[in-house]
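Engineer: Just a sequence and a predicted model for now, questions to come.
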Amino acid sequence: MPDLMKLALIPALLLASMPLNAAPPSKIDVSKLPQQTRVIGDVIVPVPSEIFGVLDKLNSKPRWADVLRPMKTVAKPFGDQSQVALYLGSVIAEGFVAVEAEDADQVQKIGRSVLSLSEALGSKVVKAVQKRANAIIDAGDKKDWKLVRKELDRALSDVKEAMAQLGSEQLSQLVSLGGWLRGTEALCEVVNASYSRDGADLLHQPVLLDYFGQQLDGMKVRFKKNPAIGKIQTGLNDIRPLIGASDGAEISAKSVREVGAITAGLVKAIQNR
Amino acid sequence: MTRFFKTLLILALTVLPAVATVDDALSYSLEAAQPYVKEGFTVREDYWGGDMAVSQPKAITQQMFKGNEYWFWAGTDVKGSRISVHVYDSEGNLCEVESWQKGQLSASRVVPKRTGTYYVIVEIEKSSRERTHWGMAYGFR
């Protein structure tokens, strides 16, 4: 039997050996999960609020206004599409910080920036995002923070869907990556201000590093020509040993500072000409 | 009609129903999520979906954070089918604190003891179709 066929049978043997309606097995051997059952390409990147919410619960009373990087004007696109996609992701992540800081003025600037950057990604993306950007601005005006969070997530989803329809999945992945980098930078800043083991533990995200690493390796040559992409690849490799070798491993204050410095440098490479 | 347009028409007729059924499966999942939204869960806009044969489960790798609580809601669009969803930690231990299965809907709740990688195992246990469309959403609070 060819190896591929054998592999195809393993998931059924490993995972589907239980009878119908039976209780699920209390333990599975994850090291033997065959490659084709792992849907690593379908990793859903957490939105910053998923992590920021935990920081709030840890009672560290983050000073979100200090973490927020205020925008003086509406963000303008520059560089090629890969740069704009990364920039757009980082701006959406800033929106989540602005919500935590309850800064209505910044939320509105971010809403307009989302629209401005989307224009550089094509008319279909603008069309998809227009409604969301307006909703972000309106909800910010009404200080409906819950709705702003929802609309930011919807904006991310709509941008990605529009790009997928245009056959630009790689650009949509860069939007997620830009958002993750800015979200991680903000997380490090909060944890650095008041270190706790549980707070630092939030940086333990190996599956996301693997996911982004794979996406960057497979990027089109024209996107790889963007110097920011190369810097991010190096940065992700540098972050890997700092975020804990295994689930539950302690991440030191020094490691948090280092991850913060790396991500800050990468966000700078994304947002500055 | 040119051959090009015929090809387009055939493609549309075959692809569109497939897309619609994944959407239907997801709609069921999102319906199952509604009561939990009232309890403060934020449902993500991103989702998983596709089609699967009976008894050929998928393992989805997912990042979760200690301090949050998660629900995963999975559904299919096939009446009389049965789907299951269960969550394991990075060491392969079943870690859900609650789960339910109601025919073509299933859900699992997790309160992660650690921040890190988890495996969400989705399976079509019974279906009248060779391949069954499924959709899964998750929420956190």
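Structural biologist: Thanks, I have it. Residues are numbered from 1 along each chain as shown, chains lettered A, B, ... in the order given.
Engineer: the helices in the stretch 1-150 of chain A, which residues?
Structural biologist: Secondary structure of the stretch 1-150 of chain A (DSSP state H, counting those that start in this stretch): helices located at A:3-15, A:48-57, A:64-67, A:81-100, A:104-119, A:123-141, A:145-165.
Engineer: Could you list the low-confidence segments of the stretch 1-150 of chain A?
Structural biologist: A:1-22, A:34-41, A:60 (pLDDT under 70).
Engineer: Skipping its backbone neighbours, what lies nearest the residue in it that chain B sits nearest to in space?
Structural biologist: At 3.6 Å from chain B, residue A:54 is the closest residue in the stretch 1-150 of chain A, using CB to the nearest CB. Glycine gets a C-beta too; all of them are placed from N, C-alpha and C. Closest residue to residue A:54 apart from its sequence neighbours, by CB to CB, 6 or more residues apart in numbering or on different chains: residue B:67 at 3.6 Å.
Engineer: Pull the contacting residues for that neighbour.
Structural biologist: Residues near residue B:67 by CB atoms under 8 Å, 6 or more residues apart in numbering or on different chains: A:53-54, A:57-58, A:198, A:202, B:115.
Engineer: Which positions within stretch A:149-165 qualify as buried?
Structural biologist: A:149-163 (16 or more other CB atoms under 10 Å in any protein chain shown).
Engineer: how about these, which pair is most distant?
Structural biologist: A:149 and A:163 (21.8 Å; CB to CB).
Engineer: Could you count how many residues lie near residue B:31?
Structural biologist: Residues near residue B:31, counting by other CB atoms under 10 Å in any protein chain shown, number 12.
Engineer: related to what we said a few turns ago, could you export the helices of the stretch 1-150 of chain A as CSV, including distance to residue A:236?
Structural biologist: Below are the helices of the stretch 1-150 of chain A laid out as CSV (distance: least, CB to CB, whole Å):
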stretch, distance to residue A:236
helix A:3-15, 29
helix A:48-57, 18
helix A:64-67, 22
helix A:81-100, 13
helix A:104-119, 23
helix A:123-141, 26
helix A:145-165, 20
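Engineer: what secondary structure does residue B:99 sit in?
Structural biologist: At residue B:99 the chain is in strand, as set by DSSP: H, G, I helix; E, B strand; the rest coil.
Engineer: How about it: what's its closest non-neighbour residue?
Structural biologist: In space, residue B:99 is closest to residue B:108, 4.2 Å off (CB to CB, 6+ apart).
Engineer: Next: residue A:113.
Structural biologist: Using CB to CB, 6+ apart, the closest residue to residue A:113 is residue A:75 (3.7 Å).
Engineer: Next: residue B:25.
Structural biologist: Here the residue nearest residue B:25, using CB to CB, 6+ apart, is residue B:135, at 3.8 Å.
Engineer: Could I get the contacting residues of that neighbour?
Structural biologist: Counting by CB under 8 Å, 6+ apart, residue B:135 has contacts B:22-29, B:47-49, B:74-76.
Engineer: redo that, cut-off 7 Å
Structural biologist: By CB atoms under 7 Å, 6 or more residues apart in numbering or on different chains, residue B:135 lies in contact with B:22, B:25-26, B:29, B:47, B:49, B:75.
Engineer: can you tell me which of those are in helices?
Structural biologist: B:22, B:25-26, B:29 (DSSP state H).
Engineer: what separates residue A:97 from residue A:49, distance-wise?
Structural biologist: The gap separating residue A:97 from residue A:49 is 10 Å, by CB to CB, to the nearest Å.
Engineer: show me the residues around residue B:114 that make contact.
Structural biologist: A:247-248, B:66.
Engineer: Buried ones among those?
Structural biologist: Going by neighbour count (16+ other CB under 10 Å), the contacts of residue B:114 have A:247, B:66 buried.
Engineer: Just send the contacts of residue B:114 back as JSON lines, with pLDDT, secondary structure and distance to residue B:86 too.
Structural biologist: What follows is those, written out as JSON lines (pLDDT from 0 to 100; DSSP: H, G, I helix; E, B strand; the rest coil; distance: CB to CB, whole Å):
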{"residue": "A:247", "pLDDT": "84", "secondary structure": "coil", "distance to residue B:86": "18"}
{"residue": "A:248", "pLDDT": "84", "secondary structure": "coil", "distance to residue B:86": "21"}
{"residue": "B:66", "pLDDT": "96", "secondary structure": "strand", "distance to residue B:86": "20"}
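Engineer: Make CSV out of the contacts of residue B:114 and add distance to residue B:104.
Structural biologist: Formatted as CSV, these follow (distance: CB to CB, whole Å):
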residue, distance to residue B:104
A:247, 33
A:248, 36
B:66, 32
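Engineer: which one of the contacts of residue B:114 sits closest to residue B:92?
Structural biologist: residue A:247 (11.9 Å).
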